[in-house]
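> Sequence and computational prediction follow.
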Amino acid sequence: MADALMRNQSVDASSLAQYYVDEQGVRVELEIGLNSIDAFRNLMPDAIYEKLGHKPSPITGRMQKFFTNDLAIFLNGEPLQGYVEEIGPSRKLLRDPINGTPLAVQDQAAQVIRARLSYKFPRGVLPEQLTFVAPRGIDIGFVLYHRGVAVNDYRFLSSGFTLSLDWNDAWYTSFDTFQLKRRYSEPMSGFIYVDNFEVRKEIILRPKDLQRWVNLGLEGRADIPIAMQSGIKKKVGEFLAQHHLVTIDGVAMEGILDSVNFLERTLTSSQVIDPPKLLQLDSAIMGVIFVYPHTGLPQKVVMDWDLWDERIQRIPVSAVDQAGPLPSYLEPDWPQLEWTNYLKNPEVPTLHVIERPEAEWRLWLENALPVLVLLALLSTVWLWRNRSGQGSAVVPACFAIVLFAASFAAAYNGANNQPQQTRAEAIVGDLLHNIYRAFDYREEGDIYDVLARSVSGELLTDIFLETKRSLVLANQGGAQAKVKTVELKSIIVDPGSEQGRFIVEADWTVYGSVGHWGHIHQRNNRYLARLTVAVDGEQWKLEDMLVLQEERL
């Protein structure tokens, strides 16, 4: 199941405004689409203003009108003094239609007029509230940042929006309307993922909030330098190991700290910040993962949230299983996230039974068939000569009967270990299935044990490392995708294969996903490889693999 995300129409608006609020005032980065220039006419040079069909008017007066009536910001009922820092032709910045982040490819960007505006606060004043005014009759997409923290997701700008500013912690700065509340507005959140071999607990938090419980060395700071980050991660991991108790089927469990990372979080993804960089304290967030290994699918899992104060009064949480996420909220009077096993037909990872190689006696019969046929023919000649020469026919007749019977038995029961197309497809498909199913287990020893059933000797370690690499999401702190299906597209059997060994060129696709940081991350890979499959004891195993092509879908 994937996240349900709606396309943000405000990102596609003809004009966009990005507001940046700090102690000095408000800076606005403005993109004015060509079809909405008239709404910003008072900002335009005289030549453009008159070309739009308006009578000549001094730009000084028009600028004053613009900053008091058109795109104004009011403090205590009075407009802030504004001025233009820069204005000129440019290209529209194409953005992701969901979260508004700039796209990598900007080839089709339309022409716009780009302006940088500045609104200054009165000297020594840090306002508690600001009210915004916007031109009428056009759609303007906007987002506002306070000290680097996005106060809202991209929305349409309208006159009358009031912003309440928290100068102690910009995270809590907010607009007075619910529609402008950003999606990730809570300072902490928690997730429980229930699988067949493990339960995973993930906590997302701001180190600035956790500073109220444990000294992370952040008091009085405005940022988190790279040199401090490893120490902060260590302290956060140690502190959270003592909190948010998890019980599985009534038994309190001690989790294994899997990872602690600083994150970048958007509406569409959350990823580890790698390499590290200087972080603003107010907007910095971290993700912490604890793992609870177990056998089988539990019946009940409970996480008890125990960090509450005047700021932390509601925690968004989600319990995720094979059926998908079940989001909810925790509060001081309702502090437990519970997951109960209501799955009617849970998926239990199973290994395929791989067709066994042919038995030795059948191989012997296959190899003996030409000799038996030849001996049967010779015994027939012997019988014919003895009958023609009046000799005894009893002995050659007995030999002929026995040898013909043996030939028919060999022809019927004999077999070889050089599979044809259909049989080779079944063997290769089952081997690939079992190889990827091995990674359902968490412990390295268990993975190797299952892999050893399908992979022989020297290739075992290579397969382990290569498969694990292909399933790991590097930008998610090493989270490993769980394989859902392995689809064998096609194989071509090498006609030169020898007895007990065959070579194929195989094309297959691996479909996997992992729930992480509240999102569903897909990992689908397609492979083209040359595989050598050989008899090892009483079973087929993968003996060699040469990857010809790997493609991430």
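Received it, and whenever you're ready, just let me know what you need.
> where are the low-confidence patches of this structure?
Applying pLDDT under 70 to the chain flags the ranges 1-8, 98-99, 105, 267-269, 356-379, 381-396, 399-419, 472-481, 496-499, 518-520.
> redo that, cut-off 50
Within the chain, the segments meeting pLDDT under 50 span 1-3, 359, 361, 363, 414, 475.
> all helices for it, in order.
Along the chain, counting by DSSP state H, helices occupy 46-51, 59-65, 207-210, 226-240, 360-388, 394-413, 421-437, 444-451, 459-471.
> Leaving out sequence neighbours, find the closest residue to T177.
Spatially, and ignoring its direct neighbours in sequence, T177 is nearest to F161 (6.7 Å; C-beta to C-beta, 6 or more residues apart in numbering). (Each C-beta comes from the backbone N, C-alpha and C, glycine too.)
> residues contacting the one you found?
Contacts for F161 (C-beta atoms under 8 Å, 6 or more residues apart in numbering) come out as 131-132, 175-177, 180.
> what's around G515, how many residues?
Neighbour count for G515, taken as other C-beta atoms under 10 Å: 23.
> Give me the distance between the nearest residue in space to it that is not next to it in sequence and T467.
Distances taken as C-beta to C-beta, 6+ apart put V320 closest to G515, at 4.7 Å, once the chain neighbours are dropped. Distance of V320 to T467, computed by C-beta to C-beta, to the nearest Å: 24 Å.
> Return the residues in contact with I73.
Contacts of I73 by C-beta under 8 Å, 6+ apart are 26, 79-80, 82, 119, 130-133.
> what angle do the lengthiest strand in the chain and helix 421-437 make?
Scanning the chain for the longest strand, with DSSP state E as the assignment, gives strand 519-536. Orientation of strand 519-536 against helix 421-437 (axes from the mean of the first three to the mean of the last three C-alpha atoms, to 10 degrees) gives an angle of 130 degrees.
> Which strands or helices does strand 519-536 pack on?
helix 421-437, helix 459-471, strand 501-516, strand 539-552 (3 or more C-beta pairs under 8 Å, 6 or more residues apart in numbering; DSSP states H and E).
> Using TSV, please lay out the ones you listed together with distance to I491.
Converted to TSV, the helices and strands packed on strand 519-536 look like this (distance: least, C-beta to C-beta, whole Å):
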stretch	distance to I491
helix 421-437	6
helix 459-471	18
strand 501-516	4
strand 539-552	13
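> what about those, which gets the closest to V21?
Among those, the nearest to V21 by C-beta to C-beta is strand 501-516 (32.2 Å).
> Buried residues, that closest one. List them.
The neighbour-count check on strand 501-516 (16 or more other C-beta atoms under 10 Å) flags 502-504, 506-508, 510-516 as buried.
> do the same with stretch 530-543
Here stretch 530-543 shows 531-536, 540-543 as buried, counting by 16+ other C-beta under 10 Å.
> Just the buried subset of the contacts of F161, please.
By 16+ other C-beta under 10 Å, the contacts of F161 give 131-132, 175, 180 as buried.
> Now tabulate those in JSON lines and tack on distance to R221.
Shown next, in JSON lines, are the buried ones among the contacts of F161 (distance: C-beta to C-beta, whole Å):
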{"residue": "T131", "distance to R221": "31"}
{"residue": "F132", "distance to R221": "30"}
{"residue": "F175", "distance to R221": "27"}
{"residue": "L180", "distance to R221": "29"}
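> Among those residues, which lie within strands?
131-132, 175.
> of those, closest to G124?
Among these, and counting by C-beta to C-beta, the member closest to G124 is T131, at 20.6 Å.
> how about the nearest residue to the closest one, chain neighbours excluded?
Using C-beta to C-beta, 6+ apart and skipping the chain neighbours, the partner closest in space to T131 is F74 (4.3 Å).
> again, but for A252
Closest to A252 by C-beta to C-beta, 6+ apart is L245, at 6.1 Å.
> all strands of the stretch 101-250 of the chain, in order?
For the stretch 101-250 of the chain, the strands defined by DSSP state E, counting those that start in this stretch occupy 111-120, 129-132, 140-146, 149-150, 155-156, 162-164, 174-175, 188-194, 198-205, 223-224, 246-248.
> burial of L343, as a residue count?
L343 has 12 neighbours, counted by other C-beta under 10 Å.
> That one contacts L297, correct?
Yes: the criterion here is C-beta atoms under 8 Å, and L343 meets it with L297 at 7.4 Å.
> what about the residue nearest to the spatial centre of the chain, distance to V291?
Centroid check for the chain by C-alpha atoms, centre = their mean gives H521 as the closest residue, at 2.3 Å. To V291, H521 is 17 Å away according to C-beta to C-beta.
> which residues sit in contact with S90?
Counted by C-beta under 8 Å, 6+ apart, S90 has contacts 31, 111-114.
> who does it bridge with?
In this entry, S90 is beta-bridged to V112, by DSSP bridges.
> Over to L279?
Going by DSSP bridges, L279 is paired in beta bridges with I224.
> tell me the contacts of the nearest residue to D249 once chain neighbours are set aside?
Nearest non-adjacent residue to D249, counting by C-beta to C-beta, 6+ apart: P298, 5.2 Å away. Residues near P298 by C-beta under 8 Å, 6+ apart: 194, 199, 248-249, 341.
> G160 too?
Shown in contact with G160 (C-beta under 8 Å, 6+ apart): 131-133.
> could you redo the last one with a cut-off of 10 Å?
131-134, 176-177 (C-beta atoms under 10 Å, 6 or more residues apart in numbering).
> same question, W339
Residues counted as contacts of W339 (C-beta under 10 Å, 6+ apart) are 192-194, 199, 248, 298-303, 318-321, 326.
> Tell me, how many residues neighbour G500?
G500: 16 neighbours (other C-beta under 10 Å).
> swap that for L465, sorry
When counting by other C-beta under 10 Å, one arrives at 10 neighbours for L465.
> Ok, the one 5 residues further on next?
Taking other C-beta under 10 Å as the criterion, the count of residues near S470 is 20.
> switch to numbering from 632
New numbering, starting at 632: the last item is S1101.
> what about the closest residue to it other than its chain neighbours, distance to L1082?
The spatial neighbour of S1101 that comes closest, neighbours along the chain excluded (C-beta to C-beta, 6+ apart), is N1156 at 5.5 Å. Counting by C-beta to C-beta, the separation of N1156 from L1082 is 18 Å.
> who has more neighbours, the two?
Taking other C-beta under 10 Å, N1156 and L1082 do not tie; L1082 has more neighbours (24 against 18).
> what residues go with each domain of this protein?
Following automatic domain parsing, one finds the domains of the chain at 640-811, 819-971, 991-1044, 1052-1183.
> Can you give me the first-to-last residue distance of the last one?
End-to-end distance of domain 1052-1183: 27 Å, with C-alpha to C-alpha, to the nearest Å as the criterion.
> Same question for stretch 925-933.
15 Å.
> residue contacts, the residue lying closest to M675 once chain neighbours are set aside?
Take M675 and drop its neighbours on the chain: the residue closest to it by C-beta to C-beta, 6+ apart is I668, 6.7 Å away. Counting by C-beta under 10 Å, 6+ apart, I668 touches 645-646, 674-675, 679-680, 682-683, 743-744, 769.
> Then V882?
925, 929.
> Look up the residues forming beta bridges with it.
On the basis of DSSP bridges, V882 is bridged to I879.
> between the contacts of I704, which is closest to L938?
L761 (32.1 Å).
> in stretch 1062-1075, what counts as buried?
So stretch 1062-1075, judged by 16+ other C-beta under 10 Å, has buried residues 1062-1073.
> need these in TSV with distance to G848, can you?
As requested, the buried residues of stretch 1062-1075 are exported to TSV (distance: C-beta to C-beta, whole Å):
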residue	distance to G848
L1062	53
L1063	50
H1064	50
N1065	49
I1066	46
Y1067	44
R1068	45
A1069	43
F1070	39
D1071	41
Y1072	39
R1073	34
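> Okay then, goodbye and thanks.
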